[in-house]
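K.L.:
Compute the structure for the input listed below.
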Amino acid sequence: MTRRAVPPDRVFALVVGIEQYAAGPAWDLPGPARDALRFRDWLLARGVPDSHVQLHLAPLPGSVPDVPFRPADHEALRRAFVTDIPGRRDEALWVWWGGHGVLDTDDDTRLYTADATLTDRRNIHVESALARLRSDVAPGLGVQMWMVDACRTFDETHRFPQPPPTERLPAGARIAAHEQILMFAASRGQRAGNDPERRLGVFSDIVLSALPDDVLPDPPPLLEAVKARMDALRAAGHARQIADFRLERPGHTDIAQSDPPPQALPPLGRLIESLMAYPLMNDRDERQTMVNELPPAAVARMPRHPMPRTDVIGIVRTLRGRPDGLWKLYAAVTLLDDDADRCAELRASVQDFMTESGPGT
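P.N.:
This is a model prediction of the structure:
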């Protein structure tokens, strides 16, 4: 179905990038604010008026230039969905969101707002936001495109002290007049990859690279382009998540995922294998030389074992509970063996493990 072109000045965008949470530094997430600004720049370059881009950020210090933005707390973002967006009389809507998320016990996606804490995980309930914006409270926004770069891990796996708040946004009367295109970075139960060094979300970066010049792209080609890039990245071993796509039009629904990856080692297994790929790990004296490069306080009570693999597992288990412990292990190993391929895989496996085990990601 060919869609009528929508003029850029008839497009409105809610752009959210949350890097810092009230829950504390363990939830810091470098990248979403920068990704949000990149998407804002893409909109402005295609003629969307600056007044039509509602920017909500919670950036880490020094992560964004001096640009005006609105807060990204629960009150501000709830107001955006309940009041600001439905009050628009534009023809189309973009929702861009980067930050932390979780899948609740009803299998619904909840996106944490910047004022979320461990005991009060304030959030926006995505399914009710979608229902509200396809009801009669938003009659003018006939086409709605969403990009959500956030984890959709199962809430119970995080062992938080309390469940998240269960608020759902109110919806109006149901009508069959809206088209909603959804791009989720991760599938049910999965984490969304983030690159802290480049300060970007893996999925956000792929979507930004796939966006055409049209401010409101035709969905099938865009989704296929994003899917192809995700599949290639995963095939190369640089990503594990499976993106979710949904296209809903009156009387028609398409649901698709990027191709499932081949069976992969869990992050801890990958880390152990990347360490065992170093010849020095099979020599007791060389392993000891490597351990000698680690901080004395970290190795004072480290269990040791004559069997190489068992010894390496004990080293990893000791260091993973210390701040920067695994990166100090990386530095010690690569000091003794600077093979480029082994270094790259070890670095990637450390990042993968830390992303998987982090409390906020």
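K.L.:
Give me the residue ranges of the protein where confidence is low.
P.N.:
Applying pLDDT under 70 to the chain picks out residues 1-4, 251-265, 355-361.
K.L.:
Quick one: the helices in it, in order.
P.N.:
Using DSSP state H, the helices of the chain run over 32-45, 74-79, 126-133, 202-210, 219-235, 267-276, 284-292, 296-299, 308-319, 325-336, 340-357.
K.L.:
nearest to Asp149, of the ones you listed?
P.N.:
Smallest distance to Asp149 across the helices of the chain (Cβ to Cβ): 4.5 Å, for helix 202-210. For glycine as for every other residue, the C-beta is placed from the backbone atoms N, C-alpha and C.
K.L.:
Now find how far off-centre that closest one is within its chain.
P.N.:
11 Å (Cα atoms, centre = their mean, to the nearest Å).
K.L.:
for stretch 174-189, same thing?
P.N.:
The answer for stretch 174-189 is 17 Å, by Cα atoms, centre = their mean.
K.L.:
Enumerate the positions of that stretch that are buried.
P.N.:
Buried residues in stretch 174-189, defined by neighbour count with 16 or more other Cβ atoms under 10 Å: His178, Glu179, Gln180, Ile181, Leu182, Met183, Phe184, Ala185, Ala186, Ser187.
K.L.:
Could you find the closest non-adjacent residue to the fifth one?
P.N.:
Taking Cβ to Cβ, 6 or more residues apart in numbering, and ignoring the residues beside it in sequence, Leu182 has Arg246 as its nearest neighbour in space, at 4.2 Å.
K.L.:
What's the local residue count around the one you found?
P.N.:
Neighbour count of Arg246, defined by other Cβ atoms under 10 Å: 18.
K.L.:
Also Pro250?
P.N.:
11.
K.L.:
what's the spacing between it and Ile175?
P.N.:
Noted for Pro250: a distance of 9 Å to Ile175, by Cβ to Cβ, to the nearest Å.
K.L.:
export the buried residues of stretch 174-189 to CSV and tack on distance to Arg309?
P.N.:
Compiled in CSV, these are given as follows (distance: Cβ to Cβ, whole Å):
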residue, distance to Arg309
His178, 56
Glu179, 54
Gln180, 50
Ile181, 48
Leu182, 44
Met183, 41
Phe184, 38
Ala185, 34
Ala186, 31
Ser187, 32
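K.L.:
my guess is the residue nearest to Leu182 contacts Ser187, does it?
P.N.:
No - taking contacts as Cβ atoms under 8 Å, Arg246 lies outside contact range of Ser187: 11.5 Å.
K.L.:
so how far is stretch 322-331 off the chain centroid?
P.N.:
Worked out by Cα atoms, centre = their mean, stretch 322-331 lies 24 Å from the chain centre.
K.L.:
Cross-check the contact I'm expecting between Ala177 and Val143.
P.N.:
No - taking contacts as Cβ under 8 Å, Ala177 lies outside contact range of Val143: 10.6 Å.
K.L.:
and Gly325, what does it touch?
P.N.:
Ala298, Thr318, Leu319 (Cβ atoms under 8 Å, 6 or more residues apart in numbering).
K.L.:
Let's see if you can find the most crowded of the residues you listed.
P.N.:
In the contacts of Gly325, the most neighbours by other Cβ under 10 Å go to Leu319, 21 neighbours.
K.L.:
right, and it touches Leu326 too?
P.N.:
Yes - using Cβ under 8 Å as the test, Leu319 is close enough to Leu326 to be in contact (5.6 Å).
K.L.:
export stretch 139-150 as CSV, just CAs?
P.N.:
Provided in CSV are the C-alpha atoms of stretch 139-150 (Å, rounded to 0.1, in the frame of the first residue of the first chain):
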residue,chain,number,x,y,z
PRO,A,139,-7.4,11.6,15.7
GLY,A,140,-4.9,13.5,13.6
LEU,A,141,-1.8,11.4,14.1
GLY,A,142,-2.7,8.8,11.4
VAL,A,143,0.8,7.4,11.1
GLN,A,144,3.0,6.7,14.1
MET,A,145,6.5,5.4,14.0
TRP,A,146,8.3,4.1,17.1
MET,A,147,11.9,3.2,17.7
VAL,A,148,12.5,1.8,21.2
ASP,A,149,16.1,0.9,22.1
ALA,A,150,15.8,-0.6,25.5
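K.L.:
Can you list the buried residues in that stretch?
P.N.:
Leu141, Gly142, Val143, Gln144, Met145, Trp146, Met147, Val148, Asp149, Ala150.
K.L.:
Then stretch 328-340?
P.N.:
Lys328, Leu329, Tyr330, Ala332, Val333, Thr334, Asp337.
K.L.:
Make JSON lines from the residues you listed and add distance to Arg270 to it.
P.N.:
Shown next, in JSON lines, are those (distance: Cβ to Cβ, whole Å):
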{"residue": "Lys328", "distance to Arg270": "19"}
{"residue": "Leu329", "distance to Arg270": "14"}
{"residue": "Tyr330", "distance to Arg270": "14"}
{"residue": "Ala332", "distance to Arg270": "19"}
{"residue": "Val333", "distance to Arg270": "15"}
{"residue": "Thr334", "distance to Arg270": "17"}
{"residue": "Asp337", "distance to Arg270": "18"}
